[in-house]
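In: Dropping the sequence and predicted coords here.
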Amino acid sequence: MQSMTIEELRAIHSAGGVAGVTLKGQDGGFLVQIATMSGVFAVLTKARSDEPRRFGNPLAALKTLIGLGITHGVFDASEWRPGENRSGNPGRVEAMRQAHQAAAYVKWLAAEIENAIDDPRPNLSHEDVMSEWPDSGS
């Protein structure tokens, strides 16, 4: 099976070259399979890759197809296994987790700084603090 980007699908559909489209459930996601009038069978891929474009749910795939003007097709959920092999990039998931942790830390730190600024106790100079510190060398 060949690969086809969304731009290629748009061009072939505009030229009347799409014979049919199948929304195919596979593992935990959905693929778009395209049959052309010239007998070529292809799968919708990511823009700069031969990797199939996987949709997490059929509604997202349908919205994409309808946006291209493709309103008729076949739905095949015979190999769909909800919850299995979730599509996505594990590295990206980890990066997002770390970004959320960093954002939470920045929020906590900003609150701590604000609390310190709003603290009604009198300020101490550096020299006063150091003179009370044991073995400070002063």
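Out: Done, it's in.

In: immediately after the longest strand seen in the chain, which helix or strand?
Out: Counting residues, the longest strand found in the chain (DSSP state E) is strand 18-27. Where DSSP states H and E defines the elements, the next helix or strand beyond strand 18-27 is strand 29-36.

In: Relative to whichever helix or strand comes after that following strand, what are the paired strands and their orientations?
Out: Along the chain past strand 29-36, the next helix or strand (assigned with DSSP H and E) turns out to be strand 41-44. Strand 41-44 has these partner strands in its sheet, going by DSSP bridges: strand 2-4 (parallel), strand 29-36 (antiparallel).

In: Name the residues that touch stretch 11-27?
Out: When contacts are defined by Cβ atoms under 8 Å, 6 or more residues apart in numbering, stretch 11-27 is touched by residues 4, 9, 30-38, 54, 58, 61-62, 65, 68-70, 72-81, 84-85. All C-beta atoms are positioned from the backbone trio N, CA, C, and that covers glycine.

In: Mind doing that once more with 6 Å?
Out: With contact meaning Cβ atoms under 6 Å, 6 or more residues apart in numbering, stretch 11-27 is reached by 30-31, 33-37, 58, 61, 68, 70, 73-77, 79-81, 84-85.

In: One more: stretch 69-78?
Out: By Cβ under 6 Å, 6+ apart, the residues outside stretch 69-78 that reach it are 21, 22, 23, 24, 25.

In: Show the average pLDDT along that stretch.
Out: Stretch 69-78 carries an average pLDDT of 92.

In: just stretch 116-129 next, same as before
Out: Over the span of stretch 116-129, the pLDDT mean works out to 89.

In: Tell me where the model's unsure across the protein.
Out: 84-90, 136-138 (pLDDT under 70).

In: Helices of that one, residue ranges please.
Out: Secondary structure of the chain (DSSP state H): helices located at 6-14, 58-67, 90-118, 126-132.

In: thinking again about what came up before, neighbour-wise, which of the contacts of stretch 69-78 leads?
Out: The most crowded member of the contacts of stretch 69-78, judged by other Cβ atoms under 10 Å, is residue 21 (22 neighbours).
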